[in-house]
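J.: need a structure here:
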Amino acid sequence: MNFGTSGGFSGPEEEGAARRKGFDIQLMGRLMGYLRPYRGWVILTFVAILTASLLRQIGPYITKIAVDDYIIPGDRSGFGWLIFLYFGSLVLQFIISYGQTWVTNMVGQWAMSDVRMEIFSHLQRLPLRFFDRTSVGTLMARNTNDVDALNDLFTDGAVSLVSDGFTVLAILGFIFVLDVELGLITCTALPITFVVTVWLQNLTFRAFRDARTHFGQFAGTLQETLSGMEIVQMFNCEQRSVRKFNEANGRYNESRLLSTWYHSGYFPFMELCGSLMMALVLWYGGHQVLDRSIEWGVLVAMLQYVPRFFMPMRNIAERYGTLQSAMASSERVFELMDAEAEHPGGDYRPDSVRGKIEFQDVWFSYASPDDPDEPGIGVEKPLDPSQQETSTGPAVDGTNAETEADSAEWVLKGVSFSVEPGQSLAIVGATGAGKSTIINLVGRFYEIQKGCILVDGVDIREWDVETLRRIVGVVQQDVFLFAGNIEENISLGASDVSHEHVVQAARDVNADRFIDQLPDGYQQHVQERGSSLSVGQRQLLSFARALAADPDILVLDEATSNVDTETEIWIQEAVEKLMKVRTSIVIAHRLSTIRTADKILVLHRGRVCEEGNHQELLDNGGIYSKLHELQYSVPA
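T.: Numbering: from 1, shown residues only. Got it, this is the predicted structure:
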């Protein structure tokens, strides 16, 4: 089974390889699907568009009647009702157009609100592999810039295309009613303008597509620089950041200028076609009037209809540009929406949890063994026989059977261990040994390639993912706090976590010692990422956050490595008390923090090479003993 794959979503470097066709009827069909909940308003809009299009073209025909029936004969008696009719059509046209514009914008905003919510909701369900390979700036661009392009389509582009299309048909209808020959002459402009429109707008579309791609890269560079501003200034990287930003900005600017170049050439061409058509109608119609084949009013009305005919034609080209821009954005938006969501897991939701954890011959790689450059694959499959181990012992002497390439691919290699309910397990090892990976796998944030992980004797793939993660409380080394207040960052908005529960969790981890000293206590404002708090304070809040969820399994990922001595003492007091009633997994570099652990695993190059308690591992004289000696040896 395939769990948690990214669905082939392309990262920034792959976006240029998107589809190269222009208007896509399937994409448009998906976009129009967001209007389905508002179909009644949409139908009302189309009725208003059709009515307004007809009303706008009544004026020249009224002029024709006035010239032929009243002005040339010298009859003034009928002017009154004609003026009243003309004025009435203008008032009615204003009312209908106003209502149509209001409804169109409302429906567009409702639809775009639905799109943004769907994108955001889908992002919550994507696996971590997806975010490992996709920049935040790219995702921000898709949820803002690209959605804005779709908003332009719904509120202006599509409606204007329909409106202008009806207007062209209405004008042609009135022209053919006036004179068939002049109508046919006018229609000769259609194939020429159509060919030129398609050619120029296809070029414009490709430029728009490139511009959208470059905007994502541009936004990603901006977001990355702003997020790392402290490092930029600390290491005097301002000039390098400016150069990198200038390159991304330059590519985006060039693609925008190219689209403008193509787009701008269309309007002079349409102006020229309109002027030539006016001259042709005046020449041919003038001869017809002099030959008394048509009346003067027909020529006067035709000279009004011809410019009106080319105005919506120009507008169609402009709105088609909006349509193409929306097509480019919709490709990117739907590519995001089509990224395969994380598998929800099975149906196992126990009423009570004991907290036993077992790893049975677990193999894991962040990239597929067959394609180490593809981080988005999480398919459970057996290894190639040539890659399987013949020995399960530690690979500390370099005699392991894998090739050097396999060592680089596999993060965990045949890892097996168990933690009994209420026991504490400590994991030590060098950087890159796979310690943090074990924590990610317990919460099923990534899918293993071989073996199985059991919680209370049940494979975690049979657990409901939300239930599994609810019983596991994780305290990370790098704490992320949200903008808000202290209480919100501890409860994370959970409705079942009361204020009293928050206060108790903070008290249990000694976080109340600094919270009570804040001016607003638990309502104290926390800036973005918790920048207004010290590292130790953020770490204490992370402990309180984990405990407020009342987990059955407590996971500490080097949670005390970045805190001062006093804060570490506070945390250790809380940890020792809390680990007595919960199954716990602790990752630590400081061996002093894990002396009392029931069991200690020593990882080396993705394998469990030693296992036992603190004293047993010291007596063995292995890797753990050497690590202990390095940390506590006194220089001569």
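J.: use CA for all of it now, contacts and neighbours both
T.: Fine.
J.: in stretch 415-428, what's buried?
T.: 415-416, 418-428 (16 or more other CA atoms under 10 Å).
J.: brain fart, stretch 144-161
T.: Buried residues in stretch 144-161 (16+ other CA under 10 Å): 145-161.
J.: what's the single longest helix in the chain?
T.: Longest helix in the chain by number of residues (criterion: DSSP state H): helix 238-290.
J.: that one packs against which elements?
T.: helix 180-187, helix 189-227, helix 296-337 (3 or more CA pairs under 8 Å, 6 or more residues apart in numbering; DSSP states H and E).
J.: now that helix against helix 296-337, angle please.
T.: Between the axes of helix 238-290 and helix 296-337, defined by axes from the mean of the first three to the mean of the last three CA atoms, to 10 degrees, the angle is 150 degrees.
J.: and the average pLDDT for helix 238-290 is what?
T.: For helix 238-290, mean pLDDT rounds to 81.
J.: just stretch 97-116 next, same as before
T.: 87.
J.: P421 and I585 touch, don't they?
T.: No: using CA atoms under 8 Å as the test, P421 is too far from I585 to be in contact (11.4 Å).
J.: how far does stretch 440-457 sit from the chain's center?
T.: 27 Å (CA atoms, centre = their mean, to the nearest Å).
J.: buried residues of that stretch, list them for me.
T.: Under 16+ other CA under 10 Å, the buried positions of stretch 440-457 are 441-456.
J.: work out for me the element I569 sits within.
T.: Assigned by DSSP states H and E, I569 falls within helix 565-578.
J.: got the contact list for that helix?
T.: 508-510, 536, 540, 560, 593 (CA atoms under 8 Å, 6 or more residues apart in numbering).
J.: next: stretch 40-57.
T.: For stretch 40-57, using CA under 8 Å, 6+ apart, the contacting residues are 35, 89-90, 92-93, 96-97, 99-100, 103-104, 107, 162-164, 166-167, 170-171, 174.
J.: that older thread, could I get the contacts of helix 565-578 as TSV with secondary structure, distance to T188 and neighbour count?
T.: Listed next are the contacts of helix 565-578 as TSV, based on DSSP: H, G, I helix; E, B strand; the rest coil; distance: CA to CA, whole Å; neighbours: other CA atoms under 10 Å:
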residue	secondary structure	distance to T188	neighbour count
D508	helix	84	21
V509	coil	82	24
N510	coil	84	22
G536	helix	78	22
L540	helix	77	27
T560	coil	80	25
T593	helix	86	18
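J.: which residues of the stretch 301-450 of the chain fall in helices?
T.: 404-409, 435-442 (DSSP state H, counting those that start in this stretch).
J.: quick one: contacts of the last one?
T.: In other words, helix 435-442. 411, 427-429, 446-448, 453, 555, 557, 587, 603.
J.: if we go to 6 Å?
T.: For helix 435-442, contacts defined as CA atoms under 6 Å, 6 or more residues apart in numbering pick out no residues.
J.: could I get the average pLDDT for it?
T.: According to the model, helix 435-442 has a mean pLDDT of 89.
J.: tell me which two in the buried residues of stretch 440-457 are the farthest apart.
T.: Spanning the widest gap among the buried residues of stretch 440-457 are Q449 and D456, at 21.1 Å by CA to CA.
J.: mind listing what's buried in stretch 282-298?
T.: Under 16+ other CA under 10 Å, the buried positions of stretch 282-298 are 282, 285-286, 288, 294-298.
J.: one more: stretch 338-355?
T.: Quick answer for stretch 338-355 (16+ other CA under 10 Å): 339-343, 345, 348, 354-355.
J.: can you give me the helices in the stretch 501-636 of the chain?
T.: Listed in chain order (using DSSP H, counting those that start in this stretch), the helices of the stretch 501-636 of the chain are 512-515, 535-548, 565-578, 614-620, 623-632.
J.: I should have written the stretch 1-150 of the chain there, sorry.
T.: Counting by DSSP H, counting those that start in this stretch, the helices of the stretch 1-150 of the chain are 25-32, 39-56, 58-66, 79-124, 128-133, 136-143, 145-152.
J.: could I get these as JSON lines with distance to I571?
T.: Shown next, in JSON lines, are these (distance: least, CA to CA, whole Å):
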{"stretch": "helix 25-32", "distance to I571": "52"}
{"stretch": "helix 39-56", "distance to I571": "58"}
{"stretch": "helix 58-66", "distance to I571": "81"}
{"stretch": "helix 79-124", "distance to I571": "31"}
{"stretch": "helix 128-133", "distance to I571": "29"}
{"stretch": "helix 136-143", "distance to I571": "33"}
{"stretch": "helix 145-152", "distance to I571": "44"}
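J.: from the contacts of stretch 40-57, list the buried ones, please.
T.: 35, 89-90, 93, 96-97, 100, 103-104, 107, 162-164, 166-167, 170-171, 174.
J.: now the residue nearest the centre of the chain, nearest residue through space, not along the chain?
T.: When the chain is reduced to its mean C-alpha position, the nearest residue by CA atoms, centre = their mean turns out to be L139, at 3.7 Å. Using CA to CA, 6 or more residues apart in numbering and skipping the chain neighbours, the partner closest in space to L139 is G216 (7.9 Å).
J.: mind checking the SS state of the residue nearest to D459 when sequence neighbours are not counted?
T.: Among residues not flanking D459 along the chain, I453 sits closest, at 5.7 Å (CA to CA, 6+ apart). At I453, secondary structure determined by DSSP: H, G, I helix; E, B strand; the rest coil is strand.
J.: quickly list what I453 is bridged to.
T.: I453 has the following beta-bridge partners by DSSP bridges: F359.
J.: isn't it right up against F359?
T.: Yes: counting by CA atoms under 6 Å, F359 is a contact partner of I453 at 4.7 Å.
J.: burial measure for D619, as a count.
T.: 10 (other CA atoms under 10 Å).
J.: for E466, same thing?
T.: Number of residues near E466 (other CA under 10 Å) recorded here: 12.
J.: and what of M234?
T.: If you count neighbours by other CA under 10 Å, M234 ends up with 10.
J.: distance of it relative to A141?
T.: Look at M234 and A141: by CA to CA, to the nearest Å, they are 28 Å apart.
J.: next: W261.
T.: Plainly put, W261 is 24 Å away from A141 if you go by CA to CA.
J.: just G414 next, same as before
T.: 41 Å.
J.: for L468, same thing?
T.: Relative to A141, and taking CA to CA, L468 is found at 33 Å.
J.: likewise G530?
T.: G530 is 25 Å from A141, by CA to CA.
J.: can I assume G473 sits in a strand?
T.: Yes: under three-state DSSP, G473 sits within a strand.
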